[in-house]
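> I would like the atomic coordinates for the input below:
(one chain, ligands or ions: 2)
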Amino acid sequence: MMQVLSIQSRATTKESPLSGKLIVLTGPSGVGKGTLMRSLLQRHPELYYSVSATTRAPRPGEIDGKNYYFISRSKFEQLLAQGEFLESAEFAGNYYGTPREAVLNQVQSGQLVVLEIELEGARQVRTSFPEALSIFILPPSFEELENRIRGRGQDSEEAIARRLQRAKEEIQAADEFDLQIVNDDFETALNAIEAALFG
Ligand SMILES: Nc1nc2c(ncn2[C@@H]2O[C@H](COP(=O)(O)OP(=O)(O)O)[C@@H](O)[C@H]2O)c(=O)[nH]1
Ligand SMILES: Nc1ncnc2c1ncn2[C@@H]1O[C@H](COP(=O)(O)OP(=O)(O)O)[C@@H](O)[C@H]1O
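Ligands and ions are numbered 1, 2, ... in the order given. Model prediction:
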């Protein structure tokens, strides 16, 4: 369960200068972000992967505190009101948010911190952390995206429909990001992310 973090006082909307590096990874549901992140973390365990809070129910195999902090809507709204999130958004009927203090501490201690977040959250981070590196993961085609989200077998028909509708809007925004990487061949995409992070 996520600890309620100490309240951060913020004089300005811009966060303090960073000594580490913040990376934002965004892409439509089902494109392969989670799979890419798991492989990247296996190659680079020194990366700090920001665990988000969400009101979505856990999928089979998802662990509280590892994949997400799974919390109630009232808890999420309490944390949001207390300014505990670096960014937050509603996506497909659930809330998602990045714990502010954990991320700031890690970046300010010189870590490479990865946020795997959707488009609205990425836009908020772009405002408060203009120096963050933002990467958008694209599917090779919309049909392939649908095949993957169905193939994953973890979303209801209603959830799939909502996610695919949102995916059309998100893909239109890909050019807002510093880098667009097509996740067609998995290893190629993984190597491209690695090259972006480590040069
Ligand atoms: N804004 C924001 N989006 C998040 C956060 N955590 C996860 N997301 C995004 O929420 C969307 C839905 O995530 P999830 O329910 O795990 O579904 P999936 O993308 O199909 O695996 C994805 O685009 C995630 O990248 C967060 O803390 N903030
Ligand atoms: N390059 C790829 N080619 C084919 N299938 C992929 C590829 N990358 C991921 N997948 C599969 O697509 C599905 C969705 O991947 P996932 O990582 O859950 O997406 P996201 O986290 O973006 O929602 C999973 O079944 C995953 O194994």
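> tell me the average confidence for the host helix or strand of residue 187?
Assigned by DSSP states H and E, residue 187 belongs to helix 186-198. Taken as a whole, helix 186-198 has a mean pLDDT of 97.
> Over to stretch 53-73?
Mean predicted confidence for stretch 53-73 is 97.
> And it, what's buried?
53, 54, 55, 56, 68, 69, 70, 71 (16 or more other Cβ atoms under 10 Å). Every C-beta, even on glycine, is put in place using the N, C-alpha and C of the backbone.
> Residues of the protein that sit close to ligand 1?
Residues of the chain lying close to ligand 1 by Cβ under 6 Å from any ligand atom are 29-30, 33-34, 52, 56, 87, 89, 91, 96-98, 116-118, 120-121.
> quick one: secondary structure of the residue in the chain positioned nearest to ligand 1?
Nearest residue of the chain to ligand 1: residue 121, at 2.3 Å (Cβ to the nearest ligand atom). Here residue 121 is helix, with the state taken from DSSP: H, G, I helix; E, B strand; the rest coil.
> so what's it up against?
Residue 121 sits next to 26, 87, 88, 89, 96, 97, 98, 115 when contact means Cβ atoms under 8 Å, 6 or more residues apart in numbering.
> What ranges does the protein have for its strands?
Ranges of strands within the chain are 21-26, 48-49, 52-54, 68-70, 85-91, 94-99, 112-116, 133-138, 179-182, based on DSSP state E.
> Buried deepest among these, which one?
strand 21-26 (a mean of 23; mean count of other Cβ atoms under 10 Å).
> Run through who's touching that one.
By Cβ under 8 Å, 6+ apart, strand 21-26 touches 33, 36-37, 103, 107, 111-119, 121-122, 125-126, 129, 131-137, 170, 177, 193, 197.
> Measure how that strand sits relative to strand 112-116, angle-wise.
20 degrees (axes from the mean of the first three to the mean of the last three Cα atoms, to 10 degrees).
> Say whether ligand 2 is contacted by strand 21-26.
No: Strand 21-26 does not reach ligand 2 (Cβ under 6 Å from any ligand atom); its nearest approach is 9.1 Å.
> Also compute the angle for that strand relative to strand 94-99, please.
170 degrees.
> Return strand 21-26 as CSV; C-alpha atoms alone will do.
Below are the C-alpha coordinates for strand 21-26, written out as CSV (Å, rounded to 0.1, in the frame of the first residue of the first chain):
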residue,chain,number,x,y,z
LYS,A,21,17.2,12.4,-15.6
LEU,A,22,13.4,12.0,-16.1
ILE,A,23,12.1,9.9,-18.9
VAL,A,24,8.5,9.7,-19.9
LEU,A,25,7.3,6.7,-21.8
THR,A,26,3.8,7.0,-23.4
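> hang on, the earlier thing: from the residues of the chain next to ligand 1, list the ones also adjacent to ligand 2.
Contacts with ligand 2 within those, counted by Cβ under 6 Å from any ligand atom: 29, 30, 33, 34.
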